[in-house]
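Visitor: Sequence first, then the predicted structure:
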2 protein chains.
Amino acid sequence: MKSNNIFSLIPADLNQEWVETLLENKDMCIERIVSKGHVSPASGWYDQAKNEWVVVLQGEAVISFENESEVRLKAGSYLDIAAHKKHRVSWTDPDVETIWLAVHYS
Amino acid sequence: MKSNNIFSLIPADLNQEWVETLLENKDMCIERIVSKGHVSPASGWYDQAKNEWVVVLQGEAVISFENESEVRLKAGSYLDIAAHKKHRVSWTDPDVETIWLAVHYS
């Protein structure tokens, strides 16, 4: 039995946001996401079929919700985003890697 | 929409290990666990009906597995423990709070 580390193995090239599936089964999926200044496409909102429980483990980010104020997340902040709750990542820290852990569930 | 923080609101009295359900549905459950020197009861092994994906976010711990060597976990270490895989927490740091995030899933 061997453990991995959520803070290690960050790719040097972060031209694109890094998304890595850590665990997946029929009901749910755990992802590690590494952002560095990345934001959601300006063209629209995320409208996801599954719920998403998300925690920021390092760095800082802002999530905006349709018709609502935005939420600033720093290390340790967690949030439960219901399916079809329209949102977008409107800012992530451009100077350090922001590491997210996301649990997508039905 | 408001976020909470996984590193805050730690109870001052940690005579017992602190276990808090952050999210629960029919398929899975996300818990925050805070240990400070706590270990599993010496009397036996955990033999869980569900799988458990666990990550240490702060502190340090050792998990022992039946018939296997032990695994040392520090901040960021994660591990997927299959259902019925017999294990116990054999050590947690007595000087700082060890904060775990555990996802129990079927």
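Guide: It's in.
Visitor: What residues does chain A have near chain B?
Guide: By the rule CB under 8 Å from any CB of the partner chain, the part of chain A lying against chain B is A:1-8, A:22-23, A:25, A:27-28, A:30, A:53, A:55, A:57, A:65, A:68, A:71, A:73-80, A:101, A:103, A:105-106. No exception for glycine: its C-beta is placed from N, CA and C like everyone else's.
Visitor: Among those residues, which are located in strands?
Guide: Cross-referencing the residues of chain A next to chain B with the strands (criterion: DSSP state E) gives A:4-5, A:22-23, A:28, A:30, A:53, A:55, A:57, A:65, A:71, A:73-74, A:77-80, A:101, A:103, A:105 as the overlap.
Visitor: Filter the residues you listed down to just the buried residues.
Guide: By the neighbour-count criterion of 16 or more other CB atoms under 10 Å in any protein chain shown, those include these buried positions: A:22, A:28, A:30, A:53, A:55, A:57, A:65, A:71, A:73, A:77-80, A:101, A:103, A:105.
Visitor: wait, which of those residues is closest to residue B:84?
Guide: Nearest to residue B:84 among these: residue A:28, at 19.6 Å, using CB to CB.
Visitor: my guess is that closest one meets residue A:103, correct?
Guide: Yes - between residue A:28 and residue A:103 there is a contact under CB atoms under 8 Å: 6.2 Å.
Visitor: Which neighbours do those two have in common?
Guide: Common neighbours of residue A:28 and residue A:103 (criterion: CB atoms under 8 Å, 6 or more residues apart in numbering or on different chains): B:28, B:103.
Visitor: got a list of what residue A:31 touches?
Guide: With contact set as CB under 8 Å, 6+ apart, residue A:31 has these partners: A:19-22, A:100-102, A:104.
Visitor: try 6 Å
Guide: With contact set as CB atoms under 6 Å, 6 or more residues apart in numbering or on different chains, residue A:31 has these partners: A:19, A:21, A:102.
Visitor: Great, nothing more from me.
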